[in-house]
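Novice: after the sequence you'll find the predicted model.
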2 protein chains.
Amino acid sequence: MEKHGFALTPLTADKLTRLQRDPQYKKIEQADIDYFRSVLPESSILEASKCAEETILGYVSDWYNLYRGSSSVVLLPCNTEQVQSILKYCNDQHIAVVPQSGNTSASGGSVPVFDEIVVSTKMMEEIRSFDSLSGALVCDAGCNLEKLDKYLADYGYQIPLDLPAKHLCRIGGNASTNAGGIRQMRFGNLHGSIMGLEVVLPDGTVLDNLSTMKKDNTGYHLKNLFIGSEGTLGYITAVSIQAARIRPAVNVLMLAFPSYEHVVQAFDYCKKHLSETISAFEVLDQDSIRCIESVGFQIPKGSAFPIGDHHNFYVVMETAGSIEEDETKRVNAFLKELLEQEIAIDGAIASTPEKRESFWSWRTKLPPAIVQTGPHSIHFDISMPIPKLYQVVHDTRAWMEKQGMIGRDVKAVYGYGHVGDGNLHLTIPALIDSESLREEIDEFVYTWLTQYSGSVSAEHGIGLMKAPYLTYTKSVTMVQQMQRIKNMFDPNGILNPYKLFPKDNELWEGQSVRKRVRAANCGC
Amino acid sequence: MEKHGFALTPLTADKLTRLQRDPQYKKIEQADIDYFRSVLPESSILEASKCAEETILGYVSDWYNLYRGSSSVVLLPCNTEQVQSILKYCNDQHIAVVPQSGNTSASGGSVPVFDEIVVSTKMMEEIRSFDSLSGALVCDAGCNLEKLDKYLADYGYQIPLDLPAKHLCRIGGNASTNAGGIRQMRFGNLHGSIMGLEVVLPDGTVLDNLSTMKKDNTGYHLKNLFIGSEGTLGYITAVSIQAARIRPAVNVLMLAFPSYEHVVQAFDYCKKHLSETISAFEVLDQDSIRCIESVGFQIPKGSAFPIGDHHNFYVVMETAGSIEEDETKRVNAFLKELLEQEIAIDGAIASTPEKRESFWSWRTKLPPAIVQTGPHSIHFDISMPIPKLYQVVHDTRAWMEKQGMIGRDVKAVYGYGHVGDGNLHLTIPALIDSESLREEIDEFVYTWLTQYSGSVSAEHGIGLMKAPYLTYTKSVTMVQQMQRIKNMFDPNGILNPYKLFPKDNELWEGQSVRKRVRAANCGC
């Protein structure tokens, strides 16, 4: 079997030897399948032993081809009641469960590590209600983001979240991971725009918190605990979200800069003069552009790179306003000013919807392009103060050169991301598949980050990948409080085990990975 | 003693006979004062027996003159360490504590019910850091909102929260109550804009969660549990918040409408055509205008009512953009269109900063005007679907007329509020001070609300006032989960007791107040 043209990643159980299957979890037996059959229709039960391998693979392996579990069954409940029945049974029987939506997690958060069963939202796709005056949308957790956007467009609205995986991801997973994306600087985060959730707890209790009120200060805002909890506290079955009005006058610009400092100047200028309409400000370095060019993607018609492609930095920028004439004038004046002040070296404004899509594709096609360049990409999703954002690329590259890693272990070091959110995707295509290499690089980058009080995960979450590094960002005290909450909602620990939390021997304040590993080895 | 020119409200203990002092809480003794003296400077300890009555009153009675406690001591710690010492001691000794910031709660949430001690943020007023590129502000909980705004203005920023009590309230209290205000439609809610909190738990543990990252998906977003928890889970000592860029081109309009339906039409039109710059859309009915006129407020120079004052509804609307010329053009076109289409009957755009302030004062002076009209105002802070927003005023008035209450028990029924947030402040100036009258009206309004899945508190929180009505909005299941969280963080229940949660005998799903009272009386 292959994925994206490369060999399938080994089983996570074989790859990550630091992890052991927790024997408290029951192994699935025929009696369990029989129970699921008693509460679900036949089409909602996929048994690995009876399905095509690629069918099951779509649920047990991740999109990035980094992790693979070996579940014997995947369940696809059709409604909240069925989720209740499944969770209650699994809780009683100590069966470990991985909640899954679009399975686009970039941290290994949405696939099983060992033989946990997958419970997918895929068959829950109903829109429950939409209020075209207030913009309140209530829908099932399995609704696809792109489809929701198309539904809302008829009413003049859009989903307040946009990310390259829009065609694959589902709103339940977006809520569960507090997904960020490319237009967060316009829409804000999901803690602000999600008004309510329906959540099933492991014991089958339904938290019916589907408020459609923008303001609802009636006790603890429990929904916010589940937003970003990565499926470890409850199973999100429905979402109430504040849709955003479409602003028809959209402009997309491609800008070129000699240095990252010039990018920051342009960002500041833009926030000062276009603060009400700026909706995205995405930076790419030259290697990011090269990466897309190298895989020869079928980019849309007219997608030849719109400006000279030899500059150090590029920005794809978008504004969205109500009145086309005003917006065009403002954006033209902005570009003129940037060029005259020699902040930008080159720049173009997309003149047609096709060109807009084409400009954007240089950013949105980057994640699939990275996957196409090789099977061993090491990617980071880090946040830090904006002026420091690109320094991590320079410093990591310099460190790797000194270590003789470039050309031997890795191909290159490059970066792209969301300037406005201080969020960089540092990307390192590796030449070898080595966990110790990954750990060494992780340690360098995350230790670097702690200098600037940065975060080890900006928008991708912790998942499986970053669990050992949680205390690089959060104090042990904070993590302990999180564990208490986890124990309160999920006392049997059936929901998404091995994810998010460091193991007890990794829960050391301010310790580097290497020190931890050493300590674990010597038993101290 | 008087407050706002009226007799001081009776002690809450005498007024709300449904409440009994919980004997588990220790009464303050000299030894306790001695302890506080050992950890705080002398200026941080106000003993009721040694202070002027009005000094203590500022802490133990609320701004609305509805509730009054009888604390023997008020503490004003200067830093986080002092808060730790106080809470740890109170937790060990079972001393009940009311966290307090600006003491502007409209639900009785910030004052003691019996003899709880008040721990005020007033002496914690430092700005810890500000990043003028990203807009991340970190400051002590006691910082006054208006002062913060002035500080940020020098950098071209503003606090993403605005409310009439801005000159009095403090950011810790705003966070703790998830304050909403008059510009939430621009800034979104505090769950979206607060990036981090520093919180002291009852056992003295500090949760150091002062992230300045816009994106930080590293485990549960614990800060959101404390935002809106009304001081019942922990004591907020510092806040990290995303400031908003000032948009210099501000326009303020006063519009007049024949009916609420016309107001809704104007709102929809405005959201379609001015979605990127609309920052406030506040409705007032004619009686609200009359209320301000009746108290003869010292409104700013030039504050004669700007348009004919005999219309049924008024809207104070604000837009904020970057470029004055564009904004002026857009707003003029908007007003012209509203008048031509006969959506609005009359309208004016403020032409100077003074006029803008004057237009606004007809909205912001309303809460103090209401307090001036009499001591027994019954005010609601409810949210519901926008088209229903004003119907509650009509229906409540009709019900009261039928009951013969108008003229006998109450003077009038009127409403004003935030159209964009579906948030109305229904206001009923009463002629008598009667708890049973209040309960009767509460029951009518909150029962009415349940038809439309509205919320019993939009932005003021539950506090003491609405604790019996929490299950009109939230299910018993939800409230039980909240109670588990409360018990986890505050096992001795020392933080803000008697607030937020209904008593056990009030925790009945879907039951009306009267039924509950009857049930409580008959012991079933």
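Specialist: Arrived safely.

Novice: for the stretch 401-524 of chain A, which residue gets nearest to chain B?
Specialist: Scanning the stretch 401-524 of chain A for the residue nearest chain B gives A:A458, at 3.8 Å (criterion: CB to the nearest CB). (C-beta placed from N, C-alpha, C; glycine too.)

Novice: what about that residue, which helix or strand?
Specialist: When elements are defined using DSSP states H and E, A:A458 is found to belong to no helix and no strand.

Novice: now A:S279, what's its secondary structure?
Specialist: Per DSSP: H, G, I helix; E, B strand; the rest coil, the secondary structure class of A:S279 is strand.

Novice: what's the answer for the one 10 residues further on, then?
Specialist: The assignment at A:I289 comes out as helix when based on three-state DSSP.

Novice: quick one: it and A:K365 touch, right?
Specialist: No: A:I289 sits out of contact with A:K365 when judged by CB atoms under 8 Å, with a separation of 10.9 Å.

Novice: what touches both of those two?
Specialist: Shared contacts of A:I289 and A:K365, defined by CB atoms under 8 Å, 6 or more residues apart in numbering or on different chains, are not found at any residue.

Novice: wait, does stretch A:465-475 contact chain B?
Specialist: Yes: with CB under 8 Å from any CB of the partner chain as the criterion, chain B is reached by stretch A:465-475 at A:K466, A:L470, A:T473, A:K474, A:S475.

Novice: how near is the fourth one to A:L424?
Specialist: In this structure, A:K474 lies at 19 Å from A:L424, with CB to CB, to the nearest Å as the measure.

Novice: okay, and for chain A, where does confidence drop off?
Specialist: Counting by pLDDT under 70, chain A has low-confidence residues at A:297-303, A:508-524.

Novice: for it, identify the residue most remote from the centre.
Specialist: Farthest-out residue of chain A from its mean C-alpha position, per CA atoms, centre = their mean: A:E340, at 37.6 Å.

Novice: next, A:K474: secondary structure please.
Specialist: The three-state label for A:K474, taken from three-state DSSP, comes out as coil.

Novice: contacting residues around it?
Specialist: If a contact means CB under 8 Å, 6+ apart, then A:K474 has A:M482, B:N209, B:T218, B:G219 as its contacts.

Novice: restricted to strands, list these.
Specialist: Counting by DSSP state E, the members of the contacts of A:K474 that fall within strands are B:N209.

Novice: not counting sequence-adjacent ones, nearest residue to whatever residue of the stretch 201-350 of chain A ends up closest to chain B?
Specialist: Residue of the stretch 201-350 of chain A nearest chain B, by CB to the nearest CB: A:N224 (3.4 Å). Among residues not flanking A:N224 along the chain, B:N224 sits closest, at 3.4 Å (CB to CB, 6 or more residues apart in numbering or on different chains).

Novice: who's in contact with A:E2?
Specialist: For A:E2, the contacting residues are A:L8, taking CB under 8 Å, 6+ apart as the criterion.

Novice: which segments of chain A make up each domain?
Specialist: Structurally, chain A divides into domains by automatic domain parsing as follows: A:2-120, A:127-245, A:249-368, A:371-522.

Novice: which parts of the stretch 101-250 of chain A are strands?
Specialist: Along the stretch 101-250 of chain A, the segments classed as strands by DSSP state E, counting those that start in this stretch run A:117-120, A:127-130, A:136-140, A:157-158, A:194-200, A:206-209, A:235-242, A:244-245, A:249-257.
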